[in-house]
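Undergrad: predicted coordinates and the sequence they were generated for:
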Amino acid sequence: MANILIIDDEKSIRKTLTEILSYEGYKIDEAADGAEGFKMFKEKSYDAVLCDIKMPKMDGLEFLEKAKEANPDVPIVMVSGHGNIDTAVDAVKKGAYDYISKPPDLNRLLITLRNALDKTSLVAETKVLRKKVNKTPQMIGDSVPITKIKDTIEKVAPTDARVLVTGENGVGKELVARWIHEYSNRSKGPMIEVNCAAIPSELIESELFGHEKGSFTSAIKQRIGKFEQASGGTLFLDEIGDMSLSAQAKVLRALQEGKITRVGGDKEISVDVRVIAATNKDLLKEVEEKNFRLDLYHRLSVILIHVPALNERSDDIPLLVDHFLESVCAEYGIAKKGIDKQAVKALQEHRWSGNIRELRNVVERLVILSGKTINADDVENYVLPANKSNV
Ligand SMILES: Nc1ncnc2c1ncn2[C@@H]1O[C@H](COP(=O)(O)OP(=O)(O)OP(=O)(O)O)[C@@H](O)[C@H]1O
């Protein structure tokens, strides 16, 4: 339930507001002047504040100014007497959410407050989403291979060199690509990802290079391809080993000449793109088997980064477990659970498939099924082969 702070020097007004709002289920704190109110505002987190304008010590406007500085996201509703409607309007200009007049009209009070609280939850939601959308996840680990990878990323990122990232499924290849982009001079540009394995071979060319209207039956509109979308940024070609030979020929040309032509078009379009590719296949073997072009392989693999599977860097497991414990518990909205040394050791000795997502799932399962501190018995009981049930 929402926490509301009421600041008013008139006891009777505080009492009325508190009665109405408590009845509606809000949790209320009261302060008798701006100074006391500001002290409480700093100490506790409120979802909204109702603040009188004329008060001794610190008046409503001063409170508003200070509170906006301390936490601009909390909506403040001014409560104004007859004489100071103008000041209330002024307060709204200075950042107050709205104002209500004394004596407070019940409906207007409740509606204003509800709107203000909706705003608070929207602001909070947007923050969470923004964090989710914008942030490249951390690359956890200080094992020798991960440290080397981080060093290489730092060296390679500012150049425009093409990078081929190899490794099994889910070992963190995309994360490597994201960090190269993030540390590069192109980080303000887009990072566009294409999963070559997920797109049917007859559509991959139009996906990569775009098409002109009417170039094939379903081409109803002109379409801009991923190469053009990534211009000024980075194009991440994931699962490149699954790309058809005819698309490979066109990608090769795009890399050689820095130009593409849309499917069904005849105009050459220059693109300024850095390409990072990834694969879980042995590309040289694919070359031998004539599934992959050697010339494209050479173009893509100026820098090679191999990301080892989890079993080859078990030194990183304690850090990864701690990291996932923190993020899983935060997602569930619970305090971070502990894990004892034996449990960590048991996780380190487990035969992992190599996929980091598997470790995260296991941590999530342990968080759900174990007590406050995860112990070795929990690991024994809950970290089971996929075909066994937890009960
Ligand atoms: N070193 C790491 N620290 C923390 N999280 C990691 C690390 N490596 C990978 N992850 C996380 O594990 C998940 C899988 O990583 P990612 O998608 O980069 O792997 P991938 O090799 O590209 O997978 P795929 O082969 O399925 O395309 C992601 O959620 C990623 O953020």
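TA: That came in fine, so what should we check first?
Undergrad: residues in contact with the residue in the chain that the ligand sits nearest to?
TA: Distances between the chain and the ligand by CB to the nearest ligand atom are smallest at residue 172, namely 2.8 Å. C-betas here are computed from N, CA, C, even on glycine. Residues in contact with residue 172 (CB atoms under 8 Å, 6 or more residues apart in numbering) are 139, 307, 356.
Undergrad: ok, now residue 291?
TA: Counting by CB under 8 Å, 6+ apart, residue 291 has contacts 241, 245.
Undergrad: as a whole number, average confidence for the helix or strand where residue 37 lies?
TA: Element membership of residue 37, judged by DSSP states H and E, is helix 34-43. For helix 34-43, the mean per-residue pLDDT is 92.
Undergrad: list the contacts of that helix.
TA: So helix 34-43 is contacted by 5, 7, 29, 31, 49, 51, 55, 57-60, 62-63, 66-67, 70-71, 74 (CB under 8 Å, 6+ apart).
Undergrad: which parts of it are buried?
TA: 34, 35, 36, 37, 38, 41 (16 or more other CB atoms under 10 Å).
Undergrad: contacts for the next helix or strand after it?
TA: Per DSSP H and E, the first helix or strand lying C-terminal to helix 34-43 is strand 48-52. Contact with strand 48-52 is made by 2, 4-10, 13, 17, 34, 37, 41, 60, 63-64, 67, 74-81, 96-97, 100, 113, 116-117, 120, as judged by CB under 8 Å, 6+ apart.
Undergrad: so is the helix or strand of the chain with the lowest mean pLDDT next to the ligand?
TA: Least confident helix or strand, the chain: helix 106-134 with a mean of 79, by mean pLDDT, DSSP states H and E. No. Under the criterion of CB under 6 Å from any ligand atom, the ligand is not reached by helix 106-134; the shortest gap measures 11.9 Å.
Undergrad: make residue 1 into 43 and carry on from there
TA: Okay, residue one is now 43; in that scheme the one you just asked about reads as helix 148-176.
Undergrad: tell me which helix or strand comes right after that helix.
TA: helix 186-198.
Undergrad: show me what the least confident helix or strand of the chain is packed against.
TA: Applying 3 or more CB pairs under 8 Å, 6 or more residues apart in numbering; DSSP states H and E, one finds that helix 148-176 contacts helix 53-65, strand 90-94, strand 118-122, strand 140-143.
Undergrad: list the buried ones in that helix?
TA: Buried residues in helix 148-176 (16+ other CB under 10 Å): 151, 154, 155, 158, 159, 161, 162.
Undergrad: quick one, that helix and helix 53-65 angle?
TA: Helix 148-176 and helix 53-65 meet at an angle of 60 degrees, taking axes from the mean of the first three to the mean of the last three CA atoms, to 10 degrees as the criterion.
Undergrad: where's the spatially closest residue to residue 158 that is not a sequence neighbour relative to residue 410, distance?
TA: The shortest distance from residue 158 to any non-neighbouring residue, by CB to CB, 6 or more residues apart in numbering, is to residue 117 (3.8 Å). Distance of residue 117 to residue 410, computed by CB to CB, to the nearest Å: 36 Å.
Undergrad: ditto for residue 228
TA: From residue 228 to residue 410 the distance is 40 Å (CB to CB).
Undergrad: just residue 312 next, same as before
TA: 52 Å.
Undergrad: just the pLDDT at the residue of the chain closest to the ligand, thanks.
TA: 94.
Undergrad: what's the answer for residue 360, then?
TA: 95.
Undergrad: how about residue 260?
TA: For residue 260, the predicted pLDDT is 69.
Undergrad: ok, the one 4 residues further on next?
TA: As summarised for this prediction, residue 264 has a pLDDT of 82.
Undergrad: and it, what does it touch?
TA: Counted by CB under 8 Å, 6+ apart, residue 264 has contacts 252, 253, 254, 255, 304.
Undergrad: let's see 10 Å
TA: 252, 253, 254, 255, 256, 257, 304, 306, 307 (CB atoms under 10 Å, 6 or more residues apart in numbering).
Undergrad: how about the second one, phi and psi?
TA: In other words, residue 253. Dihedral angles of residue 253 (phi, psi; degrees, to the nearest 10) stand at phi -150, psi 160.
Undergrad: number of nearby residues for it?
TA: Per other CB atoms under 10 Å, the neighbour tally for residue 253 reads 22.
Undergrad: up against the ligand, what does the stretch 293-433 of the chain have?
TA: 322, 398, 399.
Undergrad: export the residues you listed to JSON lines and tack on secondary structure, pLDDT and neighbour count?
TA: Listed next are these as JSON lines, based on DSSP: H, G, I helix; E, B strand; the rest coil; pLDDT from 0 to 100; neighbours: other CB atoms under 10 Å:
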{"residue": "322", "secondary structure": "coil", "pLDDT": "95", "neighbour count": "19"}
{"residue": "398", "secondary structure": "helix", "pLDDT": "91", "neighbour count": "22"}
{"residue": "399", "secondary structure": "helix", "pLDDT": "90", "neighbour count": "12"}
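Undergrad: so which strand or helix has residue 47?
TA: strand 45-49.
Undergrad: remind me which residues of the protein are low pLDDT?
TA: Filtered on pLDDT under 70, the chain yields the residue ranges 169-170, 172-176, 260, 426-433.
Undergrad: could you report the separation of the spatially most distant residue from the centre of it from residue 212?
TA: Distance from the centre of the chain peaks at residue 125, with 48.2 Å (CA atoms, centre = their mean). Distance, residue 125 to residue 212, by CB to CB: 67 Å.
Undergrad: likewise for residue 421?
TA: Taken as CB to CB, the span from residue 421 to residue 212 is 21 Å.
Undergrad: can you give me the angle whatever helix or strand residue 131 lives in makes with strand 118-122?
TA: Of the helices and strands defined by DSSP H and E, residue 131 is found in helix 127-135. Here the directions of helix 127-135 and strand 118-122 differ by 170 degrees (the same axes, to 10 degrees).
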